[in-house]
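[1] Turn this into a structure:
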Amino acid sequence: MPLHISKLDAARRQLETSIDMYFRSGDPISTHALACAAQEILTALAKHTGVAIAVSFEGLIDTYVKPEHRAELKDRYREPKNFFKHADRDPNGIVAFSPTLTEFVLFEACEAYVQLVKEMPVLLQAFRVWWLLLNHDWLVQLPPEFKAQLQTLHYRETERALFYSEYLAAYAKIPNKAA
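    So this is what the prediction gives:
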């Protein structure tokens, strides 16, 4: 029997699966490809519905990078996604891929999902908190009290699986939570 799935549901499933793979140190190529697929759908849905995505890596490039360097940086951002998806241009090619890039794709996809749907599923919550833990200094708009709270959480980058399991366990104990 066929599944009947909306674009939004497909993107959510891809995003949640990618987040789970990320926290469990799954294959970094598959994690990235799935995150990119979700991000691509969510970005297209946002454009189609007129929803402005507040946080996008390409938007940050446009804001903070000199105009003469923007195209090159955007190409480097998109290169792994295109490489993992296509073989028509360079079937024998090799790409230099930093799995850290996946974190930016996941964060952007989470932000797009939340702005489109106005809800934040638990796996997206977990990833957003983790990302903010690692990158709170980047976000000058965060209130100082929020930054201070983030700094009280003591997880190293190498402890993402521990953070994930503890976050999900703590979430499971919350009565009357929204999905």
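[2] List the residues that contact residue 75.
    Taking Cβ atoms under 8 Å, 6 or more residues apart in numbering as the contact definition, residue 75 lies against nothing. Quick note: C-beta positions are derived from backbone N, CA and C, even for glycine.
[3] What are the buried residues along the strand or helix carrying it?
    Here residue 75 sits within helix 67-85, counting by DSSP states H and E. Neighbour counts over helix 67-85 (16 or more other Cβ atoms under 10 Å) mark 73, 80, 81, 83, 84 as buried.
[4] Just give me the longest helix of this structure.
    Secondary structure of the chain read by DSSP state H shows that its longest helix is helix 28-49.
[5] any idea of the mean pLDDT in that one?
    Summarised as a single mean, pLDDT over helix 28-49 is 94.
[6] ditto for stretch 62-69
    83.
[7] Name the residues that touch that stretch?
    So stretch 62-69 is contacted by 70, 73 (Cβ under 8 Å, 6+ apart).
[8] Straight-line length of it, end to end?
    10 Å (Cα to Cα, to the nearest Å).
[9] next helix or strand past the helix holding residue 75?
    Where DSSP H and E defines the elements, the next helix or strand beyond helix 67-85 is helix 100-117.
[10] So for the protein, which residue is the most central one in space?
    Most central in the chain under Cα atoms, centre = their mean is residue 106, positioned 0.9 Å from the mean C-alpha point.
[11] Skipping its backbone neighbours, what lies nearest that residue in space?
    Leaving aside its chain neighbours, residue 106 sits nearest to residue 35 (5.0 Å; criterion: Cβ to Cβ, 6 or more residues apart in numbering).
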